[in-house]
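Peer 1: Predicted model, plus sequence, below.
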Amino acid sequence: MPIVSDPILKERSDAPVTQVSGLEAYELWASTYDSEPNPLLMLEQRELNSMLPEVKGKHVLDVGCGTGRWLETIADRGAGSTLGIDLSFAMLTRAKGKSRVRGLIVCGDCLKLPVRDSTADVVLCSFLVSYLCDLAGFAKEIARVCRRGAEIFISDFHPQAHNRGWKRGFRRENRSYEIATEHYSLDDLRSAFTKENCEICEVREIAFGEVDRPLFALNGKLDRFEEACCGPAVFILRLRRAVAGQRQRRSGYAHYSENLDKSAQAFRLVGARLTLDATTALPGTIEIRRNRISRIGLGESAFKPARQISTDVMDIDLTGYLILPGLINSHDHLEFSLYPRLGNGRYLSYEHWAHDIHHPDLPPVCEHRSVSKSTRLMWGAIKNLLCGVVTVCHHNPFEFQLFNEDFPVEVVRDYGWDHSLIFGKNVAEAFQSTPPDSPFVIHVGEGVDENSEQEIFLLDRMGALSTRTVIVHGVALTQPGLELLRRRGASLIWCPSSNLFLFGRTLEWETLKTVPRCALGSDSSLTGTGDLLDEIRLAYHKLGVPPHDLFSLVTTRATDVLRLARRKATLTIGAPADLIAITDTGRSPAETLVEASYRNVELVISRGRPRLFSDRMMRRWPPVPRVESLFIDGVQRFIAAPVSRIMAESGRSLDHISLAGRQVKQ
């Protein structure tokens, strides 16, 4: 396996380890390079494929082209011309033997490229930076050959992977080779290229995930899989050669947050009714400063500007709106929000459903799987944002490279988890490794058969049922099971629409009332009805849950279950500025919430930043932050997210983009 760490290198005592330079390595490795499954290359290829721009008619330069794997892709996409350059004659020989490789292939030094100035429209540098002795010289040379506005894509081994002890290497004829590499930080790269007038457009830090498990198994390294998933393994840097006079921008989605930061330094929302609790809302003013609620004034006098203390505060008139705390979705699988519902319903358990719908190579699953995971996760965030959710518990590994301050919603970070007792890896170990002050989340009792009924007792025998255990679904809980759950002090997350679709039943509210710690989740679009507001309306209209209880299930009770700061779900001084605005109908906050849909949510502020606006709200907000338009079932919203990019990426694989069952257009 081409990705090796010290323990893997040393596991075969009969295989001596030889240190080689990058050039020596690829001369030796060339004969088997394409035939060996390489998780690093496959991880990079999945993500970079979705990032590449339109290349028809453009001049594309692949620096460090190796055996031509990206030259094949670029040729298939109709590039106007291609040029591959590499220092390894053996690797280039392989590239020249491939019928799909087009254009010129040249043996050359990346620090002295045999290319005229200002000729390339797109430049690829895949797994090359680690072998550079002069990063500054390389950046200067790449900038020299690029036209103004050219796009540059640099991918390589992530510095954090090196810090975790990973090494670059391969095996040949019973001998292990470790490749000598340089170790540049992302800041080193940023600095080198910005000095050459190349703007940083995006940085992706990519970790292994479940989709990579079979490849590790194929290589006999399944025991290394969990370790490999613990942090980013690859980075991809997208740059643009700046045009004359163009200002530099920060990386990632910082061009959104830069404008949002300016608008979110200090502002007051005036004229609205403020939610005090589920049943009470009063006219007032709420001031937000440094991403927190800094001041609240109640009553008509709060609207008078004469006593305004701060002169740097921007007033936003929200007359006619009700302000509520941002909602908390306690259970979702964000990456499945583009999928349609799968399955025919009325299963005995989630295991039967999973086997029924597991056809990864057939439509519609194969098309959706071809959309990059980062794009699907972004769609999941937008789905939640549209319905007023500001915090989500994502039942999968935390994506460190994506779930940052610029991600549209906040994703719960401090938690332990396993999927379930059947599909989990080692439930007892996962529970024991969860910090004592963090929740441990797991699907339990998701079914109607006897095995599902017994799962909670099995979990208890494992020693994994306690006050920090959060059970998702619990459809099969019998009275003894419920008594055990209460006795252990465990929590329950209820996803009624998913339960009804899969099994034709869900826990009744009379039963749920007996569980002290309970919250509401939407589940994924694979089985759920839509978004969290859809879930609330179903629970109110079809299942008889009172409005004030539903209000607490998505605010204060959710913070209790997920062990978040309780003030996160309230409008109080010092609390995080997470709030939403809905047209005021004069009813209580809870009564307003149970009748609301995504069409009624006109403003979402998450972590002090405005993230979503309706058209009507945009006209009340001077100046308007940089946002992108999105139509969801014909309803226009303006969102602080890279909508154009993810629309384009999704459109390459999907004929129609549907988000939680609703048609999406731009």
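Peer 2: Arrived safely.
Peer 1: Now the phi/psi pair for Lys195, please.
Peer 2: phi -70, psi -20 (degrees, to the nearest 10).
Peer 1: Alpha carbons of stretch 172-192, in PDB - could you do that?
Peer 2: Extracted as PDB, the C-alpha positions of stretch 172-192 are listed here (Å, rounded to 0.1, in the frame of the first residue of the first chain):
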ATOM      1  CA  ARG A 172       8.900  -3.700  -4.900                       C
ATOM      2  CA  GLU A 173      10.300  -7.200  -5.000                       C
ATOM      3  CA  ASN A 174      10.000  -7.800  -1.300                       C
ATOM      4  CA  ARG A 175      11.800  -4.500  -0.500                       C
ATOM      5  CA  SER A 176      10.200  -1.500   1.200                       C
ATOM      6  CA  TYR A 177      11.200   2.000   0.000                       C
ATOM      7  CA  GLU A 178      10.700   5.200   2.000                       C
ATOM      8  CA  ILE A 179      10.700   8.300  -0.100                       C
ATOM      9  CA  ALA A 180      12.600  11.400   1.200                       C
ATOM     10  CA  THR A 181      10.200  14.400   1.200                       C
ATOM     11  CA  GLU A 182      10.100  18.000   2.200                       C
ATOM     12  CA  HIS A 183       7.500  19.200   4.700                       C
ATOM     13  CA  TYR A 184       5.800  22.500   3.800                       C
ATOM     14  CA  SER A 185       2.900  23.900   5.800                       C
ATOM     15  CA  LEU A 186      -0.200  25.300   4.100                       C
ATOM     16  CA  ASP A 187       0.900  28.700   5.300                       C
ATOM     17  CA  ASP A 188       4.200  28.200   3.500                       C
ATOM     18  CA  LEU A 189       2.300  27.500   0.300                       C
ATOM     19  CA  ARG A 190       0.000  30.500   0.800                       C
ATOM     20  CA  SER A 191       2.900  32.800   1.400                       C
ATOM     21  CA  ALA A 192       5.000  31.500  -1.600                       C
END
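Peer 1: just how off-centre is that stretch within its chain?
Peer 2: Centre-to-centre, stretch 172-192 and its host chain are 27 Å apart (Cα atoms, centre = their mean, to the nearest Å).
Peer 1: swap in stretch 382-395?
Peer 2: 12 Å.
Peer 1: His331: which element?
Peer 2: strand 327-332 (DSSP states H and E).
Peer 1: helices and strands around that strand, which ones?
Peer 2: helix 373-386, strand 389-394, strand 518-520, helix 532-541, helix 556-561 (3 or more Cβ pairs under 8 Å, 6 or more residues apart in numbering; DSSP states H and E). Glycine gets a C-beta too; all of them are placed from N, C-alpha and C.
Peer 1: Relative to Ser21, which of these is closest?
Peer 2: helix 373-386 (33.7 Å; Cβ to Cβ).
Peer 1: Just the buried residues of the helix or strand just after the strand holding His331, please?
Peer 2: On the C-terminal side of strand 327-332, the nearest following helix or strand under DSSP H and E is helix 350-357. Buried residues in helix 350-357, defined by neighbour count with 16 or more other Cβ atoms under 10 Å: 350-354, 357.
Peer 1: picking up where we left off before, among the helices and strands packed on strand 327-332, which is nearest Ser644?
Peer 2: helix 373-386 (11.9 Å).
Peer 1: Leu111 against Glu141, yeah?
Peer 2: Yes: in this structure, Leu111 is within contact of Glu141 by Cβ atoms under 8 Å, at 5.9 Å.
Peer 1: higher neighbour count, the two?
Peer 2: Glu141 (19 against 13; other Cβ atoms under 10 Å).
Peer 1: List the contacts of Val367.
Peer 2: In this structure residue 367 is Glu, not Val. 653-654 (Cβ atoms under 8 Å, 6 or more residues apart in numbering).
Peer 1: and His158, how many neighbours does it have?
Peer 2: His158 has 22 nearby residues by other Cβ under 10 Å.
Peer 1: mind checking pLDDT for the residue nearest to it when sequence neighbours are not counted?
Peer 2: Nearest residue to His158, sequence neighbours excluded (Cβ to Cβ, 6 or more residues apart in numbering): Pro232, at 4.4 Å. Note on Pro232: pLDDT of 85.
Peer 1: and if you look at Phe503?
Peer 2: In this model, Phe503 carries a pLDDT of 96.
Peer 1: Surely it touches Gly474?
Peer 2: No: counting by Cβ under 8 Å, Phe503 sits too far from Gly474 to count as a contact (11.8 Å).
Peer 1: Who has more neighbours out of these two?
Peer 2: Higher neighbour count among Phe503 and Gly474: Gly474, with 28 against 24, using other Cβ under 10 Å.
Peer 1: pretty sure the more buried one contacts Arg505?
Peer 2: No: contact criterion Cβ under 8 Å: Gly474 and Arg505 do not qualify, at 11.9 Å.
Peer 1: residues in contact with the closest residue in space to Arg346 that isn't next to it in sequence?
Peer 2: Ranked by Cβ to Cβ, 6+ apart and with sequence neighbours excluded, the top spatial neighbour of Arg346 is Gly504, at 5.4 Å. Contact analysis of Gly504 by Cβ under 8 Å, 6+ apart lists 345-346, 448.
Peer 1: most neighbours, which of those?
Peer 2: Val448 leads the contacts of Gly504 on contacts (other Cβ under 10 Å) with 18 neighbours.
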